[in-house]
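> Give the three-dimensional model of this entry:
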Amino acid sequence: MNWVSLSTTRRHIFLSLTVRDVSSKYNRRLAMYHMIKTLELKCDRFNSVIDSSSVIESGSVIESGSVIDSSSVIESGSVIESGSVIDSSSVIESGSVIDSNSVIESGSVIESGSVIDSSSGIESGSVIESGSVIESGSVIESGSVIESGSVIESGSVIESGSVIESGSVIESGSVIESGSVIESGSVIKSGSVIKYFAVH
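Below you'll find the model as predicted:
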């Protein structure tokens, strides 16, 4: 019996099932069970879609190209690999690692101690809690709140209307756009570009 064959594109899974011996109800049921289990495994490993309000438990690895729908909770210590899309209002708990080129949509909460790798897009209204590291080349869109003690590495763009709370470190080469609020005790390193901002 040949159980199942799978092929994939970025968002689609093609399946073919060949069964040589289906003479009994048992064999048909066994073939179907194996097909479903193989499909579940493949979905988990390639470009998965994780539906809204899901809970992704601590220590999970979410592989590249996954889509994590709105209001999901991603628990502490998870690794979210490159190219993932994290939809609005998700909660990314402390200690998570979000790899390069991920998109974190508006209204998400990124809790303390998370690491957001290079070239990620953090959309408007997100809250990046204290102690997070936002690595080089990230874009932090308007209206985001970057809480105290965060490190924003070189080459990041912080768009208009963002609030950068006290004790944050903004490294060289970052661009801080007009209307941002940089609170007392923040460190802005050499080579940064600051466009018409207010210091509180």
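
> contacts and neighbour counts: CA atoms only from here.
Fine.

> Just confirm residue 92 contacts residue 111, I think it does.
Yes. Residue 92 lies in contact with residue 111 (CA atoms under 8 Å); the separation is 6.0 Å.

> So which of these two has more stuff around it?
Legend: neighbour count by other CA atoms under 10 Å for residue 92 and residue 111, higher for residue 92 (27 against 22).

> bridging residues for residue 139?
Beta-bridge partners recorded for residue 139 (DSSP bridges): residue 121, residue 157.

> Please name the residues that touch it.
Taking CA atoms under 8 Å, 6 or more residues apart in numbering, we find residue 139 in contact with 119, 120, 121, 122, 156, 157, 158, 159.

> mind checking how far it is from residue 94?
20 Å (CA to CA, to the nearest Å).

> Quickly list the domain ranges of the protein.
5-45, 49-200 (automatic domain parsing).

> Helices of this protein, start to end?
Secondary structure of the chain, counting by DSSP state H: helices at 25-45.

> give me the number of residues near the residue lying closest to residue 184 once chain neighbours are set aside?
Distances taken as CA to CA, 6 or more residues apart in numbering place residue 166 nearest to residue 184, at 5.1 Å, with adjacent residues excluded. By other CA under 10 Å, the residues close to residue 166 number 19.

> Backbone torsions only: list them for residue 102.
phi -70, psi 150 (degrees, to the nearest 10).

> contacting residues around it?
Contact analysis of residue 102 by CA under 8 Å, 6+ apart lists 81, 82, 83, 84, 85, 86, 119, 120, 121.

> Having no further points to raise, I will conclude here.
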